[in-house]
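Enquirer: All I have is the shape, not the residue letters:
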């Protein structure tokens, strides 16, 4: 019987680092173009447009590597020179955040709070340790159903319809308010829904 070895999956930061080492000049050219846009937020289509604006041979070199995967999954880029922070969505329901120093070619992974703080620097500049207002809306979501299958991510209406119809038909008491609702609606003395 052959032995099976487990291999570690590299983080997005490690994959970008490896690609930077392999294709330094090509990636620096692209990142410099993005940084040249100045301080601001770039959406996915703007990043793709910058990628398509680089020379064909550079695009071909980068197209098969990890950096092309990063560009495909990038939803937005925050540019605060010399840094570019990327919000990546490699698959539904999964977000990763990295930032790249274009001058020093340093790649860092960011937590959500760090990414949002970096994004706030666009408006505030450096906050110098001032207090930041944080709101916790979790208590409002306590009884709200959450999708557990990835096929429902992005299909919220379908998920809620299935959840509510299942609840409606499994709990017979929940039919009474619906029946009363349907009986009440009338137009010019005629019931519109039920008689």
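Expert: Cool, got the structure. No experiment lies behind these values; they were computed from the predicted model shown.

Enquirer: if I look at residue 35, how far off is residue 120?
Expert: Residue 35 sits at a distance of 19 Å from residue 120 (criterion: C-beta to C-beta, to the nearest Å). Quick note: C-beta positions are derived from backbone N, CA and C, even for glycine.

Enquirer: Show me which of these two is the more surrounded one.
Expert: Ranked by neighbour count (other C-beta atoms under 10 Å), residue 35 and residue 120 place residue 35 first, with 21 against 14.

Enquirer: Is there a neighbour count for the nearest residue to that one once chain neighbours are set aside? I'd like the number.
Expert: Of all residues beyond its chain neighbours, the one nearest residue 35 is residue 102 (4.9 Å), with distances taken as C-beta to C-beta, 6 or more residues apart in numbering. Neighbourhood size, residue 102 [other C-beta under 10 Å]: 19.

Enquirer: now swap in residue 186 and tell me
Expert: Quick note: residue 186 (other C-beta under 10 Å) scores 11 neighbours.

Enquirer: I'd like to check what contacts the longest helix along the chain. Which residues are they?
Expert: Ranked by residue count and defined by DSSP state H, the top helix of the chain is helix 156-170. Contact with helix 156-170 is made by 145, 147, 152, 174-175, 178, as judged by C-beta atoms under 8 Å, 6 or more residues apart in numbering.

Enquirer: Can I have the buried ones of the residues you listed as a PyMOL selection?
Expert: The buried subset of the contacts of helix 156-170, as determined by 16 or more other C-beta atoms under 10 Å, is captured in PyMOL by this line:
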select buried, resi 147+152
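
Enquirer: so of the contacts of helix 156-170, which ones are in helices?
Expert: 175, 178.

Enquirer: Show me the shaky parts of this structure.
Expert: Residue ranges of the chain with pLDDT under 70: 1-2, 5-10, 124-133, 140-142, 193-195.

Enquirer: What are the boundaries of the strands in it?
Expert: 40-43, 74-80, 83-91, 94-101, 106-110, 186-187, 190-191 (DSSP state E).

Enquirer: possible to save those strands as a markdown table with distance to residue 49?
Expert: Below are the strands of the chain laid out as a markdown table (distance: least, C-beta to C-beta, whole Å):
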| stretch | distance to residue 49 |
| --- | --- |
| strand 40-43 | 9 |
| strand 74-80 | 12 |
| strand 83-91 | 15 |
| strand 94-101 | 19 |
| strand 106-110 | 23 |
| strand 186-187 | 53 |
| strand 190-191 | 57 |
